[in-house]
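S.K.: With the input below, show me the fold.
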Amino acid sequence: MTGERAQQQPQRRADLAALDARSRRIVEAARDCFAEMGFEETTMVRIAEHAGVGVATVYRRFGTKSALVRYALMAESQRVGIIVAEAVQRSAGPVSALAEMFSAFVSEAKAPRLLTGSLRVSSAAGELTRFLTGDEFIEQGRALVAAADLSSRCFPTGLNSR
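M.R.: Sure, this is the predicted structure:
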């Protein structure tokens, strides 16, 4: 891997936000293609077409389709997290916040667009498992709770002061 490619292929969740607009567009296109067609049927050419870039750009920035899976999972996690956080922000109180959060998550989980459904039955299932059980996913969940101030909205004052 060249030094340039290493710089363009961040490894941590925080790096997803640091991607430039073109790389982010590629990740979004990959997520959409994986969700619509499945991992096996999605080609790098299709991702490039969907992103409006050349296939060489996709390879140069991400290397392989498998490498794009992790970024697509991060983007999907952020997308669902935002939907859940917005539902909580609309709530009237702690019980309502939990109900809204659960309802929003269930609604997304049953939607055909959810990326994890198509990856679960593909050769990318191992990457899905590593992502969902990894520290970065857990940290992203903690960041969501902090950003949405879920702990103070969902729990009485005495319970979240550890």
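S.K.: any idea where the strands of this protein begin and end?
M.R.: With DSSP state E as the criterion, the chain has no strands.
S.K.: What residues of the lengthiest helix in the chain count as buried?
M.R.: Ranked by residue count under DSSP state H, the longest helix found in the chain is helix 65-89. Buried residues in helix 65-89, counting neighbours by 16 or more other CB atoms under 10 Å, are found at 65, 67-81, 84-85, 87-88. To be clear about C-beta, it is placed using only N, CA and C from the backbone, and glycine gets the same treatment.
S.K.: Same question for stretch 94-111.
M.R.: Quick answer for stretch 94-111 (16+ other CB under 10 Å): 97, 98, 100, 101, 104, 108.
S.K.: Reformat these as a markdown table; add pLDDT.
M.R.: Converted to a markdown table, the buried residues of stretch 94-111 look like this (pLDDT from 0 to 100):
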| residue | pLDDT |
| --- | --- |
| 97 | 82 |
| 98 | 82 |
| 100 | 86 |
| 101 | 82 |
| 104 | 85 |
| 108 | 78 |
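S.K.: Pick the one among the residues you listed closest to residue 142.
M.R.: residue 101 (15.0 Å; CB to CB).
S.K.: Against residue 93, how distant is the closest one?
M.R.: Residue 101 sits 13 Å away from residue 93, going by CB to CB, to the nearest Å.
S.K.: and if you look at residue 63?
M.R.: On the measure of CB to CB, residue 63 and residue 93 end up 48 Å apart.
S.K.: of those two, who's got more company?
M.R.: Taking other CB atoms under 10 Å, residue 63 and residue 93 do not tie; residue 63 has more neighbours (14 against 10).
S.K.: Report the separation between that one and residue 111.
M.R.: The gap separating residue 63 from residue 111 is 30 Å, by CB to CB.
S.K.: Residue 89 too?
M.R.: Per CB to CB, residue 89 is found 21 Å from residue 111.
S.K.: repeat for residue 41
M.R.: With distances taken as CB to CB, residue 41 is found 19 Å from residue 111.
S.K.: Over to residue 40?
M.R.: According to CB to CB, residue 40 stands 21 Å off from residue 111.
S.K.: now do residue 61
M.R.: From residue 61 across to residue 111, the span is 28 Å (CB to CB).
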